[in-house]
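In: Dropping the sequence and predicted coords here.
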Amino acid sequence: MQVLNIGSYEMAYADQGEGTALILVHGSLLDQRYWAPQMEAFGQHYRTIAISLRHYWPEHWDGVGEDFTTQQHADDVAAFIAALEAGSVHLLGHSRGGHVAFHVARCWPDRIRSLLLAEPGGTLDGSLQVTGASAGDAGKHGSYYSPMLEHLRRGETDAALEIFLDAVSGPGTWSRANRRIREMLRDNALTLFGQVKEQRPPYSRDDAGSIRAPTLLIGGAKSPPPFPQIIDALVQAIPGAERVTIPHASHTMNLENPAAFNQAVLSFIAAH
């Protein structure tokens, strides 16, 4: 593991391979270790860098403070790219990390060669309504927050994580998670306090329309709402966006079907 100073913060990351940089941004409760199944495969073609966002492992955050926001994380990723001094990069974000990556590409377009969003998390505003869904559908996704946080406050970490994981990826996901994933989730459990407070801005048609990088939306064939609805909306609103569905997989598609996920990512980047 290495660290890169981005001003007031030292960002930890894993680095493998050579060539054009491909930066991987993890989602909620995760960190750079989430991308272990991709590092070797991607590292054979690109300089593959998996980062840990502010307040995630290896940092041990207590959940207190006001600097846990998608905007802060987007600022950090943009600063990391600049400090890397590797030119423009391919940027891949998963879940909440997809929301972060979206805003990096929107605000710093000159730093992004291509944008890959694996089921980006968040909500849709009224300008991005799609057939069969409304802007409120994604908002219902956070209805599990209260019981989850209550367990966390009582120190019942595993119970809180089970609620979160099963809501995001489907019932039974926590029970199927292996030891490595469970330990990673426990290491980052207190970031949920920051995530609940962050008031993540919804996706808008204007913001999506401003993306200029070649963009791929990646979904899991078995993923629950709101992820399919978000992909439906963004693939229509981002100019020239493409989409791919990973078979036999839900939200953690890069773990459940890494061969198909890796091939989709590498094929898209090679074509752009």
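Out: Yep, that arrived. A quick note: this is a predicted structure, and the numbers were derived from the prediction, not measured.

In: ok so R113 is a helix residue?
Out: No: R113: not assigned to a helix; according to DSSP: H, G, I helix; E, B strand; the rest coil it is strand.

In: For the closest residue to it other than its chain neighbours, give me its contacts.
Out: The shortest distance from R113 to any non-neighbouring residue, by Cβ to Cβ, 6 or more residues apart in numbering, is to S88 (4.7 Å). For every residue, glycine as well, the C-beta is placed using N, CA and C. Neighbouring residues of S88 by Cβ atoms under 8 Å, 6 or more residues apart in numbering: I81, D110, R111, I112, R113.

In: ok, now how distant is F164 from T20?
Out: Separation of F164 from T20 (Cβ to Cβ, to the nearest Å): 35 Å.

In: Which residue ranges of this structure form helices?
Out: With DSSP state H as the definition, the chain shows helices at residue ranges 36-43, 70-84, 96-107, 135-139, 145-153, 157-169, 173-176, 179-187, 191-197, 205-209, 227-237, 253-256, 258-271.

In: Quick check: which of the ones you listed is buried the most?
Out: The highest mean neighbour count among those, using mean count of other Cβ atoms under 10 Å, belongs to helix 96-107: a mean of 25.

In: ok so, going back, of all the helices of the chain, which one comes closest to V3?
Out: helix 70-84 (10.6 Å; Cβ to Cβ).

In: May I have the closest one exported as PDB, CA atoms only?
Out: What follows is helix 70-84, C-alpha atoms only, in PDB (Å, rounded to 0.1, in the frame of the first residue of the first chain):
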ATOM      1  CA  THR A  70     -19.500  13.100  -2.200                       C
ATOM      2  CA  GLN A  71     -18.200  16.600  -3.100                       C
ATOM      3  CA  GLN A  72     -15.300  16.300  -0.800                       C
ATOM      4  CA  HIS A  73     -14.500  12.800  -2.200                       C
ATOM      5  CA  ALA A  74     -14.800  14.100  -5.800                       C
ATOM      6  CA  ASP A  75     -12.400  17.000  -4.900                       C
ATOM      7  CA  ASP A  76     -10.000  14.400  -3.400                       C
ATOM      8  CA  VAL A  77     -10.100  12.200  -6.400                       C
ATOM      9  CA  ALA A  78      -9.500  15.100  -8.800                       C
ATOM     10  CA  ALA A  79      -6.600  16.300  -6.600                       C
ATOM     11  CA  PHE A  80      -5.200  12.700  -6.600                       C
ATOM     12  CA  ILE A  81      -5.300  12.600 -10.400                       C
ATOM     13  CA  ALA A  82      -3.400  15.900 -10.500                       C
ATOM     14  CA  ALA A  83      -0.900  14.900  -8.000                       C
ATOM     15  CA  LEU A  84      -0.300  11.600  -9.800                       C
END
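
In: Below-threshold pLDDT in the stretch 101-250 of the chain: ranges please.
Out: For the stretch 101-250 of the chain, the stretches with pLDDT under 70 are 130-142.

In: hang on, the earlier thing: want to throw the helices of the chain into TSV with distance to L29?
Out: What follows is the helices of the chain, written out as TSV (distance: least, Cβ to Cβ, whole Å):
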stretch	distance to L29
helix 36-43	16
helix 70-84	14
helix 96-107	9
helix 135-139	19
helix 145-153	11
helix 157-169	7
helix 173-176	11
helix 179-187	5
helix 191-197	6
helix 205-209	25
helix 227-237	16
helix 253-256	14
helix 258-271	19
